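> could you look at this predicted model? Sequence included:
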Amino acid sequence: MLVLAATFYKRHMRQLVDENRFRELLQRTIGFLRRLGPISPTSQIDCGILERIQQTLFGPPPDEKHHYANEGVVSEHMSSSAHNSFSAST
């Protein structure tokens, strides 16, 4: 998905990727990773990465324009340094 996203992102290479098929595959992969998220921290992080790529390339989905899906949310594995910084200053 990352290679397809990078290819689609480059204007001169975009013609190599069918946009409808790419959107479909991206959404399907995000859905799959979202289902695995509760039992796999890696899948949860990967899902967040693909959701941000999807939002960057296509903007927020029409049904989520008023929601901030995963925006600013960092998994507990990624936020340990921030937690340590704040707990050390108190």
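Received it, and whenever you're ready, just let me know what you need. Remember, it's a predicted structure, so these values are computed and weren't measured experimentally.
> burial measure for residue 54, as a count.
Using other Cβ atoms under 10 Å, residue 54 has 20 neighbouring residues. Yep, even glycine has a C-beta here, placed from its N, CA and C like the rest.
> ok, it - contacts?
Applying Cβ atoms under 8 Å, 6 or more residues apart in numbering to residue 54 gives the contacts 26, 27, 30.
> going by neighbour count, which of the residues you listed are buried?
Using 16 or more other Cβ atoms under 10 Å as the burial test, the contacts of residue 54 include 26, 30 as buried.
> just the contacts of residue 54 now: which is nearest residue 53?
Using Cβ to Cβ, residue 26 comes nearest to residue 53 of those, at 7.6 Å.
> quick one, phi/psi of the closest residue to that closest one other than its chain neighbours?
Closest residue to residue 26 apart from its sequence neighbours, by Cβ to Cβ, 6 or more residues apart in numbering: residue 54 at 5.5 Å. Residue 54 adopts backbone torsions of phi -60, psi -40, taken as degrees, to the nearest 10.
> pLDDT value on residue 77, please?
We have a pLDDT of 48 for residue 77.
> ok so, going back, just the pLDDT at the residue nearest to residue 26, thanks.
94.
> residue 5 too?
Confidence for residue 5, expressed as pLDDT, is 93.
> can you check the one 5 residues further on too?
As summarised for this prediction, residue 10 has a pLDDT of 91.
> and for the one 10 residues further on?
Among the per-residue scores, residue 20 shows a pLDDT of 94.
> relative to residue 12, how far out is it?
For residue 20, the distance to residue 12 (Cβ to Cβ, to the nearest Å) stands at 20 Å.
> same question, residue 33
30 Å.
> so between these two, which is more surrounded?
The neighbour count for residue 33 versus residue 12, taken as other Cβ under 10 Å, is higher for residue 33 (21 against 6).
> now the more buried one: phi and psi?
For residue 33, the backbone dihedrals are phi -70, psi -40 (criterion: degrees, to the nearest 10).
> would you mind measuring from the residue nearest to it when sequence neighbours are not counted to residue 9?
Ranked by Cβ to Cβ, 6+ apart and with sequence neighbours excluded, the top spatial neighbour of residue 33 is residue 47, at 3.7 Å. For residue 47, the distance to residue 9 (Cβ to Cβ) stands at 19 Å.
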